[in-house]
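Undergrad: Okay, sequence plus prediction incoming.
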Amino acid sequence: MKKQLLIIMIVITSVTTYVVSDTSDQDPNIVPAQSNKDKSVSEPVNSLVNTKTGMDVKSTSSGVINTVSPEQTLVMWSEIKTLLSDGKVDVSLEKQLIYSLKQRSNSDVYLEVSQLLQQPDDNLTSRNQEYLLSLLASVNSAESVSLLLSNLESERILDSNAIYSAKKSIQKIARTDTHMNLFQSTFSNMNSDNIFLPDIANAIATNASESSFDFIINQIDAASNKSVIVMNSMQFITQEKLVPKLQNIINTREPNSEISQVSLTTLANMGQYEATAALIQWSATQPSSADSLVGELFYSAASRSPSVYRAIEKELNSYDFSSDKIKETIQNVYSNR
């Protein structure tokens, strides 16, 4: 019986841990209220003080909401910094700091973070850069992202764990296009041999809009040491609204140029209806000698999405093909679905 109770307690503990760690995007200062079955009336709003951080707190029937002043944010940061110097992390305190900095920037905190980031991680006990880069990405404000990217520009990140943290932080920030201007300015400022330059280029391509697509093409046309890096990043373009832009490149540039070939590959990588329709339109004008390339493009596209088959079914017979062989190749892709 005791053994069964022990197993049940372990399961409950594991579930509780998962729920807590799965709420990282929620307000960390919201403490779940007691179940309604334990209350006969709603609680009034009461003022109290968080004994750990000295925050002003308001308690309501729906939970506890912390109102954080700049001074209190600095206190939290000071505690985290002290723990960090001992190789420790307080996850609860960290979440409160992240939430506070999301709500209101704090120049004093960012100044101290900047100073710590200039001290490279060079042993197993000092992990300042690794931790702080991840912290800045979690805050994900204009100020925090600007500070993170400026440190990557300076090439002070040399430790392998810190480099990994920096790359993961860039990916996290690049989940949306919120900081596209910062990514573009960072790319322009970085040296061509900066180890993070490909990551920045990929971040720009991942969320590329019409204007940022023009930025990408301009960088390629500049024929600098960065051009190849930008061209390689085009594989991450997924926005279907950019299909007309890619078509324009294919139709106006030299057919065998690298930018034309990369644009065709980008359409195939999208694996979307409009992108496939554009490939069909292009294929209709190609000579039979392009049969191998056409086959590669359509099989690649088909491996990404069933939308490709729908596009072939609806669009293929809308065009008069210069080569029956190429049309047959596309039909074979459809038949092998």
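TA: Yep, it's here. Residues are numbered from 1 along each chain as shown.
Undergrad: C-alpha only now, for contacts and for neighbours.
TA: Fine.
Undergrad: for the host helix or strand of Val228, packing partners?
TA: Val228 is part of helix 227-233 when elements are defined by DSSP states H and E. Counting contacts by 3 or more Cα pairs under 8 Å, 6 or more residues apart in numbering; DSSP states H and E, helix 227-233 packs against helix 197-206, helix 210-221.
Undergrad: Now do the first one: everything it contacts.
TA: By that I understand helix 197-206. Outside helix 197-206, the residues within contact range by Cα atoms under 8 Å, 6 or more residues apart in numbering are 167, 170-171, 174, 180, 183-184, 186-187, 190-191, 212-213, 216, 229-230, 233-238.
Undergrad: tell me which residues in that helix are buried?
TA: Within helix 197-206, the residues that qualify as buried are 197-206, counting by 16 or more other Cα atoms under 10 Å.
Undergrad: I'd like the mean pLDDT over it, please.
TA: Mean pLDDT, helix 197-206: 96.
Undergrad: Give me the below-cutoff pLDDT ranges for the stretch 1-150 of the chain.
TA: 1-67, 121-126 (pLDDT under 70).
Undergrad: Show me the helices in it, by range?
TA: Using DSSP state H, counting those that start in this stretch, the helices of the stretch 1-150 of the chain run over residues 2-21, 70-85, 91-103, 107-117, 128-139, 142-153.
Undergrad: out of the ones you listed, deepest packed?
TA: Counting by mean count of other Cα atoms under 10 Å, helix 128-139 has the highest mean neighbour count of the helices of the stretch 1-150 of the chain, with a mean of 22.
Undergrad: Show me what that one is packed against.
TA: Identification of packing neighbours for helix 128-139 by 3+ Cα pairs under 8 Å, 6+ apart yields helix 91-103, helix 107-117, helix 142-153, helix 160-173.
Undergrad: distance between that helix and the chain's centre?
TA: 15 Å (Cα atoms, centre = their mean, to the nearest Å).
Undergrad: what's the answer for stretch 169-184, then?
TA: The chain centre lies 6 Å from the centre of stretch 169-184; the measure is Cα atoms, centre = their mean.
Undergrad: which residues make contact with that stretch from outside it?
TA: Residues contacting stretch 169-184 (Cα under 8 Å, 6+ apart): 133-134, 137, 140, 142, 145-146, 149, 199-201, 203-204, 206-208, 212, 215.
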